[in-house]
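Colleague: can't give you the sequence, but here's the structure:
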């Protein structure tokens, strides 16, 4: 095994030196991130396939609506804590770990109140299945996102193998609960929502307690909470834009949301895979001033383009095989979405770089300017066309294209 690893190291180093990449670092740590995301992809596919086969489009649409509402208010759990914590711990300030969790728990209760208000609205609309699911979501919300800081801790310490193994355990565990509820309660919304929320919360709390042992000191950085507040404020619009399309479609046509969610779920599996692999660059950027050359960007773009072409030609067969003809119309969305992959590959790496380097000007534009333009343009398109498809495509491409443009601009942008 040592000989094989040494051989892989030598080959990756030789190729990396030619292309200007630190490939040994990516190969060694990227293996665990790829394995973790591979399991996550399979789990996501399995649950979505089971939903498509055992649930009506209406119930699946309701489930996606609940998840979107919960994610919509996730900014109350201060998501900026995660990148700020990675940056802080990578520099040796382990004491910020506990502070971050306490901050997230405290502000998450505000998010619970908003979700509860929406639940009451649906209760009076006599849509009780959605109302009860939202009530349970409100109760578990402070536990859902607050204790996931163990992930940031392990990434900051570059312990990607431990992170991957624990993340896989969590994915398998909560997926088992969801699948079990699907088989035991087919076409019932509440048991599946409860399984998702309890599974995620339970594993996050257990792994948070376990990984506290990784802390080596109680030092805190003066700017960590300030920086996470800055990132969180910038992330609010980003979070809203990421989920408002599904909420709007769910309000207009819950069955259309089911069709759209299948396509979006497939492209998000690919995007999350890319994010997971590129996440290993964050500690590197936090410690060193690393430049990404134009040649490297071309190589990344070509790799993404090849993947887009493959996915485009297999889209119809893939959707029909996994989700049956009932969701074949989802392939149309998916075939359009795949063309953003080459740009997203580059954007994913550059977003880690600007976060690590605290490039506040670009952060402001990616977290405020881009979401505002996306929101306005997609709403205007829907207002004039009353066409859900045009609304979806506008939102998707304006957001991703503008984000790429801002991230790749070679000069500092004035806010």
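Modeller: Happy to help now that I have it. Computed from a predicted structure; not experimentally measured. Residues are numbered from 1 along each chain as shown.

Colleague: which residue ranges form the helices in the stretch 251-400 of the chain?
Modeller: Using DSSP state H, counting those that start in this stretch, the helices assigned to the stretch 251-400 of the chain run over residues 254-278, 281-287, 294-323, 330-337, 341-356, 360-364, 370-385, 388-408.

Colleague: Would you single out the least confident of those helices?
Modeller: Per-stretch mean pLDDT for the helices of the stretch 251-400 of the chain is lowest at helix 281-287 (a mean of 59).

Colleague: Can you say which of the helices of the stretch 251-400 of the chain is nearest to residue 123?
Modeller: helix 254-278 (16.9 Å; Cβ to Cβ). (Each C-beta comes from the backbone N, C-alpha and C, glycine too.)

Colleague: just checking, what packs against the closest one?
Modeller: Counting contacts by 3 or more Cβ pairs under 8 Å, 6 or more residues apart in numbering; DSSP states H and E, helix 254-278 packs against helix 23-54, helix 57-72, helix 224-252, helix 294-323, helix 330-337, helix 341-356, helix 388-408.

Colleague: Mind listing what's buried along the second one?
Modeller: It refers to helix 57-72. Neighbour-count burial for helix 57-72, counted by 16 or more other Cβ atoms under 10 Å, picks out 57, 59-72.

Colleague: what's the answer for the shortest one, then?
Modeller: Using 16+ other Cβ under 10 Å as the test for burial, helix 330-337 gives 330, 331, 333, 334, 335, 336, 337.

Colleague: Return the residues in contact with the closest residue to residue 362 other than its chain neighbours.
Modeller: Excluding the flanking residues, the one nearest residue 362 by Cβ to Cβ, 6 or more residues apart in numbering is residue 354, at 4.8 Å. Going by Cβ atoms under 8 Å, 6 or more residues apart in numbering, residue 354 touches 362, 363, 366, 407.

Colleague: Would you mind putting those residues into JSON lines with distance to residue 139 and neighbour count alongside?
Modeller: As requested, the contacts of residue 354 are exported to JSON lines (distance: Cβ to Cβ, whole Å; neighbours: other Cβ atoms under 10 Å):
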{"residue": "362", "distance to residue 139": "38", "neighbour count": "21"}
{"residue": "363", "distance to residue 139": "33", "neighbour count": "22"}
{"residue": "366", "distance to residue 139": "33", "neighbour count": "26"}
{"residue": "407", "distance to residue 139": "38", "neighbour count": "21"}
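
Colleague: Widest-spaced pair of the residues you listed?
Modeller: 363 and 407 (10.2 Å).

Colleague: circling back to that earlier point, of all the contacts of residue 354, which comes closest to residue 189?
Modeller: Using Cβ to Cβ, the contacts of residue 354 come closest to residue 189 at residue 366, 35.1 Å.

Colleague: Please report the distance of the closest one from residue 239.
Modeller: Going from residue 366 to residue 239 by Cβ to Cβ, to the nearest Å gives 13 Å.

Colleague: what is in contact with these two at once?
Modeller: Contacts common to residue 366 and residue 239, judged by Cβ under 8 Å, 6+ apart, are absent.

Colleague: Give me the spatial nearest neighbour of residue 184, chain neighbours excluded.
Modeller: Closest to residue 184 by Cβ to Cβ, 6+ apart is residue 191, at 7.1 Å.

Colleague: Run a quick check on the one you found versus residue 180, I expect a contact.
Modeller: No. In this structure, residue 191 is not within contact of residue 180 by Cβ atoms under 8 Å, at 9.1 Å.

Colleague: secondary structure class for the residue nearest to residue 184?
Modeller: What DSSP: H, G, I helix; E, B strand; the rest coil gives for residue 191 is helix.

Colleague: Can you give the distance of the helix or strand harbouring residue 172 from its chain's centre?
Modeller: Using DSSP states H and E, residue 172 maps to helix 160-184. Helix 160-184 has its C-alpha centroid displaced from the chain centroid by 16 Å (Cα atoms, centre = their mean, to the nearest Å).

Colleague: next one: stretch 120-138
Modeller: 26 Å.

Colleague: Repeat that for stretch 256-268.
Modeller: With Cα atoms, centre = their mean, you get 15 Å for stretch 256-268.

Colleague: which residues touch the residue nearest to residue 184?
Modeller: 181, 184, 185.

Colleague: Residue 131 and residue 270: what is the separation?
Modeller: Counting by Cβ to Cβ, the gap from residue 131 to residue 270 is 34 Å.

Colleague: try residue 264
Modeller: 11 Å.

Colleague: With residue 384 instead?
Modeller: In terms of Cβ to Cβ, residue 384 sits 31 Å off from residue 270.

Colleague: Those two: which is more packed in?
Modeller: When neighbours are counted by other Cβ atoms under 10 Å, residue 384 and residue 270 differ, and residue 270 comes out ahead with 22 against 9.

Colleague: Give me the nearest residue to the more buried one, chain neighbours excluded.
Modeller: residue 341 (6.5 Å).

Colleague: do you know how far that neighbour is from residue 263?
Modeller: Distance from residue 341 to residue 263, by Cβ to Cβ: 14 Å.
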